[in-house]
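Participant: return atomic coordinates for the entry below.
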Amino acid sequence: MLSVVLLMLEFFVQRHIASPAQRAHHVDQSIQTDLRFTGDSTTPPSEVRHIGFVKVHKAASSTAQNIFFRFGLNRNLTFVFTQHNNYFSRESGHHYPLTKPKNRTGYDIHCIHGTFNHTLYSSLLPEDTVYLAIVRDPLQVFLSAVNYYTQATLHLPYLMKITGNKVQRLIRQPEAYDQEFYSYSKNVMGRDLGFPETLNQTTIDTYLEGLDKELKLVLIVEHFDESLILMKRYLNWSLRDILYISNNVLPKAMWSLANLTTSDIDLFQKRNKLDITVYDFFYKKFWKQLSNEGDGIVSELLNFRLVLNKVFTFCKGDNSQRKDTGETTNLLMIAESIWNPEFALTEEDCTQMRMAELEFIKLLRKEQGSEVPERPTLRSNRKGHGVEAGPKHKLDIKKHESESDQKFPSKKNGRKVDDKKKLVEDGKKGRLNNAT
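Facilitator: Residues are numbered from 1 along each chain as shown. Next up is the predicted model:
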């Protein structure tokens with residue numbers, strides 16, 4: 001516990017107190033403490049190329065997904081896609097019909113929306129696949145969902161019918177506005193991770209134990225950069241592989257903590273108990289994993305953020321701000337450091353980092369021959385908070401329908417608990433505050 005506290009304190013000092021010169025000095029001094037890139041000819045560990053990522057709603061998962069998309073595209077890897085534009089499944093027992101690649105066999109990466117079921121995912125992915133997920137402060141997930149799904153072009157009926165203070169009424173009167181166990185505004189992380197519909201603590205704990213064994217790492221949105229550094233180490237990836245620009249971020253949020261009282265927050269923790277439990281569990285585990293990496297990870301984090309700042313500036317395309325960064329108009333050179341070899345970024349890299357999810361999926365489908373086949377519009381059976389799930393492999397969506405047009409099925413989901421035997425802090429404001 002003491003090591004975790006010391007690591008957190010060091011992060012705070014470096015991020016909020018140390019001057020740029022002190023930070024640079026710290027990076028230089030830490031070279032001897034944790035050597036990660038030596039620049040010699042020694043064969044490095046093989047990078048992990050088989051990934052199963054649980055894309056959790058309203059938890060910066062589109063930004064993380066973009067990282068996996070670029071990684072796979074650059075290595076000609078094969079992604080799992082179905083006849084739904086961007087969903088694998090909406091319940092854990094089965095998935096939408098696959099759109100199998102025409103000229104490839106097998107799959108390497110699964111990173112589209114789906115209700116997690118390790119047995120189902122592993123039936124498609126190789127045995128050595130590493131499974132990852134992402135979670136976010138549940139209150140921030142809730143606020144982000146209400147803001148996102150009440151945009152003019154993304155109306156969800158159950159949210160739009162609420163007048164006045166939507167977030168307050170959802171919390172205070174769930175029986176009137178949010179009756180079901182799962183919705184985009186209630187326990188969405190638990191739903192995406194495949195939990196059964198129950199608040200029985202023993203059942204939840206048992207499921208968490210199984211999930212903990214299946215997931216190598218659960219990224220934390222409030223510590224996104226730290227999470228990516230951990231992921232980079234676990235997967236033996238390069239610094240270049242984890243660069244990002246925030247994707248699908250809502251420019252302006254109408255609803256925030258300012259619209260709630262302290263009593264509302266207390267009620268929320270009871271209302272979204274499952275997500276609170278899930279977040280608290282993986283938040284604590286994350287800090288244990290981070291502390292096990294040693295002090296050198298702080299230096300690596302600082303270097304990562306310095307590089308990210310250059311990438312953000314370069315990819316903005318504002319030549320007037322490209323000073324003393326070492327790039328030409330169409331090329332950004334990242335100098336060699338203890339954490340990375342020298343490499344170059346082009347404007348094409350920027351384009352890919354900024355690419356929206358559906359656009360990127362369309363590109364990948366074309367690359368691997370997994371285009372969605374032409375088919376007639378199918379009946380959409382809407383009821384309550386969601387689209388009713390029909391028989392196995394029956395689609396209930398229109399060809400070009402976006403994720404925001406759908407609700408969760410009202411039927412119970414989640415694999416059985418025996419299949420595979422906190423709000424810790426206010427959500428930080430920053431690059432990922434309203435990311436999906």
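Participant: what is the end-to-end distance of stretch 182-194?
Facilitator: 11 Å (Cα to Cα, to the nearest Å).
Participant: and stretch 211-224, by the same measure?
Facilitator: Length of stretch 211-224, first residue to last, Cα to Cα: 21 Å.
Participant: find the nearest non-adjacent residue to L219, please.
Facilitator: Distance criterion Cβ to Cβ, 6 or more residues apart in numbering; nearest residue to L219, sequence neighbours excluded, is S227 at 3.7 Å. Every C-beta, even on glycine, is put in place using the N, C-alpha and C of the backbone.
Participant: tally of neighbours for E371?
Facilitator: When neighbours are defined as other Cβ atoms under 10 Å, E371 has 12 of them.
Participant: isn't it right up against R365?
Facilitator: Yes - the pair E371 and R365 qualifies as a contact (Cβ atoms under 8 Å) at a distance of 5.0 Å.
Participant: shouldn't S122 be in contact with F116?
Facilitator: No - contact criterion Cβ under 8 Å: S122 and F116 do not qualify, at 10.9 Å.
Participant: comparing the two, which residue is more hemmed in?
Facilitator: Legend: neighbour count by other Cβ under 10 Å for S122 and F116, higher for F116 (27 against 16).
Participant: the more buried one in helix, strand or coil?
Facilitator: Secondary structure, DSSP: H, G, I helix; E, B strand; the rest coil: F116 is coil.
Participant: can you tell me the closest non-neighbouring residue to it?
Facilitator: Using Cβ to Cβ, 6+ apart and skipping residues adjacent in sequence, the residue nearest F116 is G194, 4.1 Å away.
Participant: N85 and T99, how far apart?
Facilitator: With distances taken as Cβ to Cβ, to the nearest Å, N85 is found 10 Å from T99.
Participant: now list whatever residues contact both of these two.
Facilitator: Counting by Cβ atoms under 8 Å, 6 or more residues apart in numbering, the common neighbours of N85 and T99 are V372.
Participant: which of the two has more neighbours?
Facilitator: Here N85 and T99 are compared on neighbour count by other Cβ under 10 Å; more neighbours surround N85, at 22 against 18.
Participant: sec struct for that one, please.
Facilitator: N85 ends up coil, using three-state DSSP.
Participant: tell me how many other residues crowd the nearest residue to it once chain neighbours are set aside.
Facilitator: Spatially, and ignoring its direct neighbours in sequence, N85 is nearest to L358 (6.2 Å; Cβ to Cβ, 6+ apart). L358: 13 surrounding residues under other Cβ under 10 Å.
Participant: helix/strand/coil for L358?
Facilitator: Of the three states, L358 takes helix according to three-state DSSP.
Participant: same deal with T150?
Facilitator: coil.
Participant: that one touches Y158, doesn't it?
Facilitator: No - between T150 and Y158 there is no contact under Cβ under 8 Å: 10.5 Å.
Participant: just to be sure, I361 is in a strand?
Facilitator: No - under three-state DSSP, I361 falls outside any strand and is assigned helix.
Participant: so it touches N86, yeah?
Facilitator: Yes - I361 lies in contact with N86 (Cβ under 8 Å); the separation is 5.7 Å.
Participant: gap between Y177 and F142?
Facilitator: Taking Cβ to Cβ, one finds Y177 at 13 Å from F142.
Participant: do V372 as well
Facilitator: 32 Å.
Participant: residues contacting the residue lying closest to D108 once chain neighbours are set aside?
Facilitator: Spatially, and ignoring its direct neighbours in sequence, D108 is nearest to L77 (3.9 Å; Cβ to Cβ, 6+ apart). Residues counted as contacts of L77 (Cβ under 8 Å, 6+ apart) are R49, F71, D108, I109.
Participant: and L77, that one's in a helix?
Facilitator: No - counting by three-state DSSP, L77 is not found in a helix; it is coil.
Participant: just the pLDDT at it, thanks.
Facilitator: For L77, the model assigns a pLDDT of 97.
Participant: ok, D137 next?
Facilitator: What the model reports for D137 is a pLDDT of 97.
Participant: now it: how far from S89?
Facilitator: 26 Å.
Participant: with R354 instead?
Facilitator: In this view, R354 and S89 are 28 Å apart by Cβ to Cβ.
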